[in-house]
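>>> The following block contains a protein sequence and its predicted model.
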Amino acid sequence: MNARSGWRSALAIFMIAMAAVSTRIADPFDLNLLDRQFTWLRANYPQPSAHEVVIVGIDQQTTEILREPLALWHAHLGKFLRAMGDAGATVVGLDVVLPDRSYESLLPGLDRTLLVELVSARTRLPVVLGLTADPAGRPRTVYPAFLTAAGADAAGFVLFPTDRDGVVRRFDERIDVAGGAVPTLAGQMARALGANAGAGVINYAAGEKIRYVPLQQVLAWQAAGNRDELAKAFGGKPVLLGSVLRFEDRLAVPLNPAAWDPEPANAAGVVVHAQALRNLLDGSLIARVPVWMSWLLCALLVVAGLAVATTAAALVVASGGVIAIVIASTWLLSRGWQLPPVVPMAALLLAVAVRRLLDATRELREQRQLRRIFSAHVSPQILQQIVQSEEQPGLGGQRYRICVLFADIRGFTERSETMTPEAAITLLNNYFNHMTACIHEAGGTVDKFLGDGIMAFFGAPQALDNPCEPAFRAARDMLARLRTLNDELAARGEAPIVIGIGLHAGDAVVGHVGSDTRHDYTAIGDTVNVASRLEGLTKDVNFPLVCSVTVFGALAANAGFVPLGERAIKGHRPVDVFGWHPDKGAAAQRF
């Protein structure tokens, strides 16, 4: 690799990396790796938290004891608030959305019960009420009297932003409710304790596994006047009340920090609030590294990747670099910084690959020069040994957009029963000669002969902008040439050949499939299967050629086609198909 091509390659790769970092196109892969890093850190290097957040859980036993609907739990919630005041909790948050209306007309005195306790609790500790939003993103109201009783700054939304995969990884009060940033439950509780409510990735590796105290146990202690147990459990600690039921108010998370819950990546909402709150109190939310740092890392890795001169060195640099990046990003994560590693790793691997490609191109030019120098002096076998410096390509394939053609002779099995094997082979060879010529003249590739059938495809190995046009041309010519062949058979007193042709276009992998010692060049994919099934449909729809709507839509001149609607095919969803007959004006005639 010369210096000029090296600098050009470095600049091109670096520009690609910069764009990828800026657009965050690799976020799905980075976030998947982030989840695994959190799991590894919690299992191997758990980080302590200076603040314990206690959850009072509404569990199954609580709902069995407190039989009223949650909307009518005014008295129970009032007793809970009184218990927290008696216990000496520092702040209480309700991850329970209170009713949006009064129930005084149904149960006189019900609202007053909770209102009195809210006003009383304000004199002893901060209380934050939970708010939520409807599916359209509009705030859902809470009965104004409750908000007034709780006081100013005593309400916050029980919502989190979610990433594109629906997982809650971040705390951020910019959650698109009411047109911008809004106070949240954890944020308001943190502010009540003098902490800032910033934004960042929630550190799921921080703190011990979270436990909960059942609400019915708290109410029992309060009813018994057992202030010692209340103070022991809640004294000097923030407290969150919320549901811990298995199938209610759940959030997808990287890992579940709840000690009682077997779900690994699905947590009760109140648990996520607790984890976010202790992050806020500890100041341990994780910040993403500045963009320029990712750019700098990509630049260094591109230079390192392009510097490797041998295949062995390339393998060492590529594998070692990827491992080092993962280790470094995990270490930074434990220090409060998120370094998305996927783009830097991709930049390194791309640089290594480009260097190897440039070197291979140079070696190919050298091989051609060797051929020119020695071809007049050595045997072909020796010449091959001279120029061959790399192994031959192995098994594998490449994705192409192709049009696949299947053709099959109708009733050939029954016909061959009345023929000698030699006559059957002669007939088949004659037929295949005619049909193969049509395929090759249209630029197609004959994949294989399947008994009396043919599989061919168009668009590989030479890619085509529209492989459907030559495929249809070949099919049309096959039917035309079949008439000539049938005239020859009729002249010899033999029955004509009837065929069916199926066409379908789409992506497929085309390449060498088989073993190291024996393999075929073929196409693999759903496109191939559908084309085969469409050929089989020709038996039922009385058209010699059936194609999918994909092929039909790609043809510039598609006169003569008859829509056949959606047809069920084996092992696949129904396909919208069209039939074609070579006899204009006789499209419905049986072929």
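Okay, I see it. Residues are numbered from 1 along each chain as shown.
>>> Check the contact between residue 21 and residue 299; I expect there is one.
No: the criterion here is C-beta atoms under 8 Å, and residue 21 misses it with residue 299 at 11.0 Å. Every residue, glycine included, has its C-beta placed from N, CA and C.
>>> Look at the two and report which has more neighbours.
residue 21 (22 against 18; other C-beta atoms under 10 Å).
>>> Could I get the contacting residues of the more buried one?
When contacts are counted by C-beta atoms under 8 Å, 6 or more residues apart in numbering, residue 21 touches 291, 294, 295, 298, 340, 343.
>>> Narrow the residues you listed to just the buried residues.
In terms of neighbour count (16 or more other C-beta atoms under 10 Å), the buried residues within the contacts of residue 21 are 294, 295, 298, 340, 343.
>>> in what helix or strand does the third one lie?
Going back to what we said before, that points to residue 298. Assigned by DSSP states H and E, residue 298 belongs to helix 291-307.
>>> mind exporting that helix as PDB, just the C-alpha atoms?
Taking C-alpha atoms only, helix 291-307 is exported to PDB below (Å, rounded to 0.1, in the frame of the first residue of the first chain):
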ATOM      1  CA  VAL A 291     -18.500  13.300  20.500                       C
ATOM      2  CA  TRP A 292     -15.000  14.600  19.900                       C
ATOM      3  CA  MET A 293     -13.500  11.800  22.100                       C
ATOM      4  CA  SER A 294     -15.200   9.100  20.000                       C
ATOM      5  CA  TRP A 295     -13.900  10.800  16.800                       C
ATOM      6  CA  LEU A 296     -10.400  10.900  18.200                       C
ATOM      7  CA  LEU A 297     -10.600   7.200  19.200                       C
ATOM      8  CA  CYS A 298     -11.800   6.300  15.700                       C
ATOM      9  CA  ALA A 299      -9.000   8.300  14.100                       C
ATOM     10  CA  LEU A 300      -6.400   6.400  16.200                       C
ATOM     11  CA  LEU A 301      -7.900   3.100  15.400                       C
ATOM     12  CA  VAL A 302      -8.100   3.800  11.700                       C
ATOM     13  CA  VAL A 303      -4.400   4.600  11.600                       C
ATOM     14  CA  ALA A 304      -3.600   1.400  13.600                       C
ATOM     15  CA  GLY A 305      -5.700  -0.700  11.300                       C
ATOM     16  CA  LEU A 306      -4.100   0.600   8.100                       C
ATOM     17  CA  ALA A 307      -0.600   0.100   9.600                       C
END
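>>> Of all the residues in it, which ones are buried?
Residues of helix 291-307 classed as buried: 294, 295, 297, 298, 299, 301, 302, 304, 305, 306 (neighbour count, 16+ other C-beta under 10 Å).
>>> For those, give me JSON lines that also has pLDDT and distance to residue 74.
Listed next are the buried residues of helix 291-307 as JSON lines, based on pLDDT from 0 to 100; distance: C-beta to C-beta, whole Å:
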{"residue": "294", "pLDDT": "91", "distance to residue 74": "52"}
{"residue": "295", "pLDDT": "91", "distance to residue 74": "57"}
{"residue": "297", "pLDDT": "91", "distance to residue 74": "56"}
{"residue": "298", "pLDDT": "90", "distance to residue 74": "58"}
{"residue": "299", "pLDDT": "90", "distance to residue 74": "62"}
{"residue": "301", "pLDDT": "88", "distance to residue 74": "61"}
{"residue": "302", "pLDDT": "88", "distance to residue 74": "64"}
{"residue": "304", "pLDDT": "86", "distance to residue 74": "66"}
{"residue": "305", "pLDDT": "85", "distance to residue 74": "66"}
{"residue": "306", "pLDDT": "83", "distance to residue 74": "70"}
